[in-house]
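1. give me a 3D structure for the following:
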Amino acid sequence: MTFGIDRLLADPALRKPLEGKRVALLAHPASVTRDLTHSVDALIAAGLNVTAMFGPQHGVRGDLQDNMEESPDFTDPTYCIPVFSLYGEVRRPTGQSMGTFDVMLVDLQDLGTRIYTFITTLRYVLEAAAEHGKAVWVLDRPNPVGRPVEGLTLLPGWESFVGAGPMPMRHGLTMGELGHWFIDLLKLDVEYRVIEMEGWQPDAAPGFGWPTDRVWINPSPNAPNVMMARAYPGTVMLEGTTLSEGRGTTRPLELFGAPDIDARAVVAEMRRLAPDWLAGARLRDIWFEPTFHKHVKTLCNGVQIHAEGPSYDHAAFRPWRVQALAFKAIRALYPDYDLWRDFPYEYAFGKLPIDVINGGPGLRLWTDDATATPADLNVLAAADEEAWEQIRQPYLRY
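-> Sure thing, here's the model as predicted:
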């Protein structure tokens, strides 16, 4: 299959509208061509007048490990063009930076999860482009977790940098498709174009969204492989808890644990509560010691989610429910467990991080209610998922 960047480079007719235009590129380390040339190098070699670059969270270089670590603006040492951070002093492009280009090319590898901030950056770019009369082109890339939809829809008033709009946690759209949805949702008057992929088959084995003939490059430091991407719509919720999500290990966001839980007991309780929620992947109890972040240098007992191998069933695997069920099991086994962190997650003050992550308090309230069952949460989530399936239908391009 062919990504948007490769189609643009291969077809002079696609590039022709960019002749004589000042071009900006919004990119990160995974913004590469099929032969692993970075997009900025390839675009300049193709003759485009690239006058600026923009970087999302973790920076153009992808060098900042943790969340809430801000990137500075700088001058690219190779091409002597300005590089503007959209996760530094500002989250939205400023008037000064918007004056450096006519067309912005967005070439970001997404993970298909609402909380992954690249889609929020896309929304902010589209809003700024509408305000300043600039054009935006998305060079489309695969959603590596394909088309399945899962999770609660973000509630009105819960928008944040990790909640770009009223969609469920696992949205099943590409960046290019999301751009069209944002434009309609926000009623933006903006020149927008998607350089679509060719040959993407989001339901096809063995990649189920990610083409196995393409090299995986971390779009952010703790996104090391496709298995992490598959688990991420659930494991990202761990960022709102006292449980380790595996930062400081070699398999971040594929596992969870803490020094004071019995992982085998947690898995057994998960199976007792809702065995059907565990379909599609394998859970394995493990021991690990994070080298940084939560529970640093402390032995943890935990669970690894194996969304891979012969037991993996893409249609059946529901990572958001798996992780929700783990919270419910821990609450059942340890009723007084200090599960929820309390700090201004992604600068959202006055709200618990777990609620910011989920776009509302529903998941936390269900977890903490001893009388609430998996069936209760399933009713709420299924209604949101069915509604989103209908909403997103007009925007599907593949």
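2. going by C-alpha atoms from here, please, whenever you check contacts or count neighbours.
-> Fine.
3. quick one, helices of the stretch 1-150 of the chain?
-> 4-10, 12-15, 39-45, 95-98, 118-132 (DSSP state H, counting those that start in this stretch).
4. hmm, I was thinking of the stretch 251-398 of the chain
-> 263-273, 319-333, 353-358, 362-368, 374-392.
5. mean pLDDT and distance to Pro29 added to those helices, as a markdown table?
-> Formatted as a markdown table, the helices of the stretch 251-398 of the chain follow (pLDDT from 0 to 100; distance: least, Cα to Cα, whole Å):
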| stretch | mean pLDDT | distance to Pro29 |
| --- | --- | --- |
| helix 263-273 | 98 | 35 |
| helix 319-333 | 98 | 26 |
| helix 353-358 | 98 | 25 |
| helix 362-368 | 98 | 33 |
| helix 374-392 | 98 | 29 |
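6. return the most buried member of those.
-> helix 353-358 (a mean of 25; mean count of other Cα atoms under 10 Å).
7. contact partners for the residue positioned nearest the centre of the chain?
-> Centroid-nearest residue in the chain: Tyr116, 2.9 Å away (criterion: Cα atoms, centre = their mean). Residues near Tyr116 by Cα atoms under 8 Å, 6 or more residues apart in numbering: 110, 162.
8. recalculate using a threshold of 10 Å.
-> Tyr116 makes contact with 57, 110, 161-164, 169, 220, 232-233, 236, 357, according to Cα atoms under 10 Å, 6 or more residues apart in numbering.
9. let me have these in a markdown table, extended by secondary structure.
-> Formatted as a markdown table, these follow (DSSP: H, G, I helix; E, B strand; the rest coil):
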| residue | secondary structure |
| --- | --- |
| Gln57 | coil |
| Asp110 | coil |
| Phe161 | coil |
| Val162 | coil |
| Gly163 | strand |
| Ala164 | coil |
| Met169 | coil |
| Ser220 | coil |
| Tyr232 | helix |
| Pro233 | helix |
| Val236 | helix |
| Ile357 | helix |
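10. who wins for most neighbours among these?
-> Pro233 (30 neighbours; other Cα atoms under 10 Å).
11. surely it is in contact with Arg321?
-> Yes - if you go by Cα atoms under 10 Å, Pro233 and Arg321 touch, sitting 9.3 Å apart.
12. now do the shared contacts for those two.
-> Joint contacts of Pro233 and Arg321 (Cα under 10 Å, 6+ apart) are 150-151.
13. all strands of the stretch 1-150 of the chain, in order?
-> 23-26, 50-55, 74-75, 82-85, 103-106, 135-139 (DSSP state E, counting those that start in this stretch).
14. what lines up beside the shortest one in the sheet?
-> In other words, strand 74-75. strand 82-85 (antiparallel) (DSSP bridges).
15. since we're on Asp285, how many residues are nearby?
-> Residues near Asp285, counting by other Cα under 10 Å: 18.
16. check Gly280 too.
-> Here the number of neighbours of Gly280 (other Cα under 10 Å) works out to 19.
17. pLDDT score for it?
-> pLDDT for Gly280: 97.
18. correct me if wrong: it contacts Arg318.
-> Yes - using Cα under 10 Å, Gly280 is in contact with Arg318, at 7.6 Å.
19. what ranges do the strands span in the stretch 151-300 of the chain?
-> Under the criterion DSSP E, counting those that start in this stretch, the stretch 151-300 of the chain contains strands at 191-195, 255-258, 282-288, 300-306.
20. tell me which of the ones you listed is the most buried.
-> Comparing these by mean count of other Cα under 10 Å gives strand 255-258 as most buried, with a mean of 26.
21. elements contacting that one?
-> Counting contacts by 3 or more Cα pairs under 10 Å, 6 or more residues apart in numbering; DSSP states H and E, strand 255-258 packs against helix 226-235, strand 282-288, strand 300-306, helix 319-333.
22. and those as a markdown table, adding distance to Met104?
-> Supplementary listing: the helices and strands packed on strand 255-258 in a markdown table, determined by distance: least, Cα to Cα, whole Å:
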| stretch | distance to Met104 |
| --- | --- |
| helix 226-235 | 27 |
| strand 282-288 | 42 |
| strand 300-306 | 38 |
| helix 319-333 | 34 |
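23. mind checking which of these is nearest Thr33?
-> Among the helices and strands packed on strand 255-258, helix 226-235 comes nearest to Thr33, with 18.2 Å by Cα to Cα.
24. by contact count, what packs against that closest one?
-> strand 255-258, strand 300-306, helix 319-333.
25. so which bits of that helix are buried?
-> Using 16 or more other Cα atoms under 10 Å as the burial criterion, the residues of helix 226-235 that qualify are 226-235.
26. just stretch 10-24 next, same as before
-> Across stretch 10-24, burial judged by 16+ other Cα under 10 Å covers 15, 22-24.
27. which two of these have the greatest separation?
-> The most widely separated members of the buried residues of stretch 10-24 are Arg15 and Ala24, with 13.9 Å between them, by Cα to Cα.
28. show me whatever sits in contact with both of these two.
-> Leu48.
29. now for Ala307: which residues touch it?
-> 226-231, 254, 280-283, 313-314, 317, 319 are the contacts of Ala307 under Cα under 10 Å, 6+ apart.
30. over to His28?
-> 38-40, 53-63, 107-109, 218-220.
31. run the last query once more with 6 Å
-> His28 makes contacts with 60-61, as judged by Cα atoms under 6 Å, 6 or more residues apart in numbering.
32. how about Asp355?
-> Asp355 makes contacts with Pro361, as judged by Cα under 6 Å, 6+ apart.
33. okay, now the unreliable bits of the stretch 51-200 of the chain?
-> Across the stretch 51-200 of the chain, the ranges flagged by pLDDT under 70 are 62-68.
34. tell me how far Gly55 lies from Val83.
-> 7 Å (Cα to Cα, to the nearest Å).
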